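Trainee: Here is my input, please return the structure:
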Amino acid sequence: MMPDYYHYWGKAQPNEYLSDSPYHLLVYHSLDVAAVAHYLLHDDAPIMNDLSGYLEIPKPELRQLLCFLIGLHDLGKFASSFQGLYQPDDDTFLTKVDRSIYAYDKKHDALGWCFYQNAFLNGYLCDIDMDTRTKRQVKTGLSILFNCVLGHHGKPIQLEDKPVDAKDPLAVGVKYQHEIDPKDLQVANQWIDDLKLLFAIELPVELLADKDWHTRVKHISWQLSGVTMLADWLGSDTAYFTYQHQVMPLADYWQMTLNIAKRCVDDKGLATTLSPIPFSSVQNSFGFSPSPLQAWAESVTIHNYPQLFVLEDVTGSGKTEAALTLAHRLMGMGEVGGFYFGLPTTATSNAMFERIEKFMPTLYGKSDKQPSLVLAHGSKNMNATFRELINNANSNYSSIGHSKDTSREAAGDEISSQCHAWFASSNKRALLANIGVGTIDQALLAALPKKHQPLRLLGLHHKVLIFDEVHSADSYMFELLKSLLQVHLHQGGHAILLTATLSLDKREALAKLWLGQEAPSYVKTVAANVTQSTHFPLATHITMTPDTDMDTVVETSITSPKRVSRKLKVDFLHQSSDVIDYLVKASQNHQCAVWVRNTVTDAIVAYDELLNAGVAAENLLLFHSRFALADRSRIESTVLDWFGKHSTPAKRAGKILIATQVFQESLDADADIMVSDLCPIDYLIQRAGRLHRHRRDISGQRITDSHTTVESRPPPVLTVLAPKFSEEPSENWYSELFPKSQYVYRHLGQLWLTMRILQQQGYLDLPKDARLLIESVYAAEAQQQIPDALLADSKADMSQQKRKQHSAKDALIDWEKGYCEKSQARWFGSESAINSEANTRFQEMPTCEVVILRTDQSDDHNQIGFYADVSEFQLELSTVKIGESMADKLTEVPSQFAKQVATLKERYRGLEYKRLWLADADDKFTYDKEKGLVEINSMI
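Mentor: Numbers count the residues shown, from 1 in each chain. A predicted model of the protein is given here:
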């Protein structure tokens, strides 16, 4: 007799691959997903090694258990309310549902909880002939596991009390009676019984009743839920798993879908971990002799325990190559299967992606199976190299994913990274690729209650995390970073952190975190430091190990190469008019100069003043964040043309750039003359890294002879625009000169301490004085020396930093509770959700994306279009991000264009969440390709 569960559908939607079957039976879809899990959890899979060891269950038994549980992920679809969603008139096979009785109010993942509870109480999951206490403990263990598989739609299921009545196990709870028919429960229980027979399993009751084992399951619940989500995604791919509604024995269908699942997992590149070629030396990997830091990286002893490497050195010292050397060695040892390289901005991510793409042949050599390399950030599709890799991958795959030759003939016989379109289609999936490059934000989202968070965490499993410029993380982001490192450590992972200006207290906090010695916030006593060295540069190697004979913290002093050791004289100017005169003179002397300002408004004012001072427009450039992306990209190219590594004396001569912080964040630029508004010391050091960055002769020609190390230009001078220094400053000491900047850098004490140490030293002697400079501003002892007049603003900023910390902690997931709704009070949608409270960056002032529109340049001024007149990415290139307070002042698009605006919103996904602005129709603000978005009154 045919079981009743064959009469329930699981998938039903139009699709080009559906053939003659209009729907897919629920039990078949369940087996499809279980089959995918079967191959994701193969014996050699790193995740399987970790789960088996941690849960103390042999791999074969654990694989069957997890496939059984994952096969029950869609139990909720047995509900009549769900079945009523698809009732074709001409079908006589499927269960008929009276929709007037059963309404689909609850999602099927939550409905599954009712079916699970019913199955347990009726003894279908395991024998419940046991004492009450043991029964309760077994149910607790099972509930942890079922939370993982039922909550497969990206976030934990929301549970309601009493889905079933314990006194009457066959009855449906009151809150579910309009969703589930009692017969549905019986059918689901029959399915559970037959699935147990198919997989020949018995649940490990003794372990399920063990409280210590519960704790372990909570720890791995994040990975198990990630595997379930991934298996469901792949098992729902109709390019492989075509719809079937013809009845066949479960065992026959299982064998058939196993074959399909193997091909699917293989085609997606998820079946095996690719081994790199053995690491030999920095010389062989990069073609040059190693710097001292790189030499340390190629020789330091690497352990098979979770390790944290903190590499501190100045810009240009080769930290990236050192990190890649460590990653290569870890991969060669089998400790990790790849890495994710996270950077602070999309611009730095794009630049690193280009470098890693070229590094891939060094890492993997030639192989029949090609590694996947993916760029992960919101604007990745605009990256030309990334698009080329996607196009190559697409052109080498058939419609059902059969891999073909993926070599790029234009690159000779070197292998090219295969960028699977499947990985590239989503930032969530991107972390599953062998090698990932992107913003640090994409990794930090794995620590936040965002939809599909477990999938991100699964993607980071068995990878080394490499994060650059960790010093740039504010107190909010630093808390997120610590949480991510904590869970990555528990996954047995490794991490490499790169920095030029990390304070001692942050390094100490990271070390204690990795060693499990971070004190709870309520503990007031301060434990002894685990890090001791104050040297700079420094390599800190921290190992979490039970081996008491092994040093857990090893700090190694590093010598910086002479080529990056610099002594910059520091001068001060106290009036902006003096800076104008100074820059005009530099231009007349055929030097190229940069003035880094703290605010966009101040930058625009300086630009206008230099024009009024007689600087030719063709020699002057303004660069800030308030440009549409089309203009920002153009300006970045001009900056590199004038100030980049390959700039020539003719292009550099007389050029002046007025920029804000965007200049210091990403561009490999080199100025003869630099002025900076006073800012905290770490930012000032970062800005100074663009002064005499490349070796040049007196004319500005770059010196490429490796034997010539002497810089031929006059000694570099960093000029700082600042108020006059006073041991007893007034409370408006800073604001008198910088009325706008006081709202950017609110900790006036840090600014005063920065100026004091610069006055005392007279030079930025790097790396010799790097630690002294940083600690003179950020150490607790230094903070106590802030003058009384500046304390109010400084304390207000410190309070704000505390609020950031608390805000981060409130947003973070409580890992100890496991994957369930109690792990966070609020779970949010995707990373693009509007007004989401779980962000990777703290928003002190709300921002808004404004899409700039223009009237058609033809005679017909009744037509509007995007500002960027290009064939691709018009929307993106016409967008500028500004403060919401400024966006609110922009004039709304006139009503006469309402129909055209509606058409644009229909055509461009996401446009409804952005602010549209027709610049031509605003009499208070305007947009200028040379100055960006500006208030008209400020231009007068």
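Trainee: Could you find the closest non-adjacent residue to the residue positioned nearest the centre of the chain?
Mentor: Residue closest to the average C-alpha location in the chain (Cα atoms, centre = their mean): Gln442, at 1.3 Å. Using Cβ to Cβ, 6 or more residues apart in numbering and skipping the chain neighbours, the partner closest in space to Gln442 is Ala376 (4.4 Å). (C-beta placed from N, C-alpha, C; glycine too.)
Trainee: Spit out the contact partners of the one you found.
Mentor: Shown in contact with Ala376 (Cβ atoms under 8 Å, 6 or more residues apart in numbering): Tyr340, Ser349, Asn427, Ala430, Leu431, Gly436, Val437, Gly438, Thr439, Gln442.
Trainee: Can you tell me, leaving aside adjacent residues, what's nearest to the fifth one?
Mentor: Distance criterion Cβ to Cβ, 6+ apart; nearest residue to Leu431, sequence neighbours excluded, is Gly459 at 2.8 Å.
Trainee: returning to that earlier point: alpha carbons of the helix or strand where the residue nearest to the centre of the chain lies, as PDB, please.
Mentor: Gln442 belongs to helix 440-444 when assigned by DSSP states H and E. Extracted as PDB, the C-alpha positions of helix 440-444 are listed here (Å, rounded to 0.1, in the frame of the first residue of the first chain):
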ATOM      1  CA  ILE A 440      35.900  43.300   6.400                       C
ATOM      2  CA  ASP A 441      32.200  44.000   6.700                       C
ATOM      3  CA  GLN A 442      31.300  40.900   4.700                       C
ATOM      4  CA  ALA A 443      33.000  38.700   7.300                       C
ATOM      5  CA  LEU A 444      31.700  40.800  10.300                       C
END
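Trainee: name the helices or strands packed onto it?
Mentor: Applying 3 or more Cβ pairs under 8 Å, 6 or more residues apart in numbering; DSSP states H and E, one finds that helix 440-444 contacts strand 338-343, helix 453-460, strand 463-467, helix 475-490.
Trainee: Would you mind giving those as TSV with distance to Val720 added?
Mentor: What follows is the helices and strands packed on helix 440-444, written out as TSV (distance: least, Cβ to Cβ, whole Å):
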stretch	distance to Val720
strand 338-343	28
helix 453-460	41
strand 463-467	30
helix 475-490	26
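Trainee: which one of those lies closest to Tyr28?
Mentor: helix 453-460 (23.8 Å; Cβ to Cβ).
Trainee: picking up where we left off before, so the residue nearest to the centre of the chain versus Lys319, what's the distance?
Mentor: According to Cβ to Cβ, to the nearest Å, Gln442 stands 21 Å off from Lys319.
Trainee: before we move on, back to that, please tell me I have it right and the residue nearest to the centre of the chain contacts Phe341.
Mentor: No. Using Cβ atoms under 8 Å, Gln442 is not in contact with Phe341, being 10.7 Å away.
Trainee: where do the contact lists of the two overlap?
Mentor: Gly436.
Trainee: just the strands in the stretch 751-900 of the chain please.
Mentor: Assigned strands in the stretch 751-900 of the chain, in chain order: 763-766, 847-855, 864-866, 879-883 (criterion: DSSP state E, counting those that start in this stretch).
Trainee: Distance to Arg756 added to the ones you listed, as CSV?
Mentor: Putting the strands of the stretch 751-900 of the chain into CSV (distance: least, Cβ to Cβ, whole Å) gives the following:
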stretch, distance to Arg756
strand 763-766, 14
strand 847-855, 34
strand 864-866, 50
strand 879-883, 32
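Trainee: Make TSV out of those strands and add mean neighbour count, distance to Asp581 and mean pLDDT.
Mentor: As requested, these are exported to TSV (neighbours: other Cβ atoms under 10 Å; distance: least, Cβ to Cβ, whole Å; pLDDT from 0 to 100):
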stretch	mean neighbour count	distance to Asp581	mean pLDDT
strand 763-766	20	24	95
strand 847-855	19	36	93
strand 864-866	19	41	93
strand 879-883	19	32	94
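Trainee: how about those strands, which one is nearest Thr215?
Mentor: strand 847-855 (41.2 Å).
Trainee: list the helices and strands that closest one packs on?
Mentor: Counting contacts by 3+ Cβ pairs under 8 Å, 6+ apart, strand 847-855 packs against strand 864-866, strand 879-883, helix 884-887, strand 915-918.
Trainee: Which pLDDT does the model give Ile390?
Mentor: Here, the pLDDT recorded for Ile390 equals 80.
Trainee: Tell me which helix or strand it sits in.
Mentor: Ile390 belongs to helix 384-395, assigned by DSSP H and E.
Trainee: mind listing what's buried in that helix?
Mentor: For helix 384-395, a neighbour-count test (16 or more other Cβ atoms under 10 Å) marks Thr385, Phe386, Arg387, Leu389, Ile390, Asn392, Ala393 as buried.
Trainee: for the first one, what are its contacts?
Mentor: Right, the one you point to is Thr385. Counting by Cβ under 8 Å, 6+ apart, Thr385 makes contact with Phe353, Glu354, Glu357.
Trainee: Neighbour-wise, give me the winner out of those residues.
Mentor: Ranked by neighbour count (other Cβ atoms under 10 Å), those have Phe353 at the top, with 26 neighbours.
Trainee: and that one, how far is that from Leu373?
Mentor: On the measure of Cβ to Cβ, Phe353 and Leu373 end up 8 Å apart.
Trainee: what sits in contact with each of these two?
Mentor: Both Phe353 and Leu373 are contacted by Val437, under the criterion Cβ under 8 Å, 6+ apart.
Trainee: on that earlier part again, who's in contact with the residue nearest to the centre of the chain?
Mentor: Tyr340, Gly342, Ala376, His377, Asn427, Ala430, Leu431, Gly436, Arg456.
Trainee: Lowest-confidence one in those residues?
Mentor: Checking pLDDT across those, the minimum falls on Asn427 at 77.
Trainee: wait, isn't that one in contact with Leu375?
Mentor: No. Using Cβ under 8 Å, Asn427 makes no contact with Leu375, being 9.5 Å away.
Trainee: So what's the residue count around the closest residue in space to Ile703 that isn't next to it in sequence?
Mentor: Distance criterion Cβ to Cβ, 6+ apart; nearest residue to Ile703, sequence neighbours excluded, is Arg695 at 4.3 Å. For Arg695, the neighbour count with other Cβ under 10 Å is 18.
Trainee: Could you check the pLDDT of Met1?
Mentor: In this prediction, Met1 carries a pLDDT score of 78.
Trainee: go on, Lys524?
Mentor: At Lys524, pLDDT is 52.
Trainee: ok, of the contacts of Gln442, which one's closest to Ala653?
Mentor: His377 (36.1 Å).
Trainee: before we move on, back to that, for Asn427 and Leu375, indicate the residue with more neighbours.
Mentor: Leu375 (31 against 26).
Trainee: Wait, a strand at that one?
Mentor: Yes. Assessed by DSSP: H, G, I helix; E, B strand; the rest coil, Leu375 belongs to a strand.
Trainee: Would you mind confirming that it makes contact with Gly438?
Mentor: Yes. Using Cβ under 8 Å, Leu375 makes contact with Gly438 at a distance of 5.9 Å.
Trainee: Identify the contacts common to these two.
Mentor: Counting by Cβ under 8 Å, 6+ apart, the residues touching both Leu375 and Gly438 are Ser349, Phe353, Ala430.
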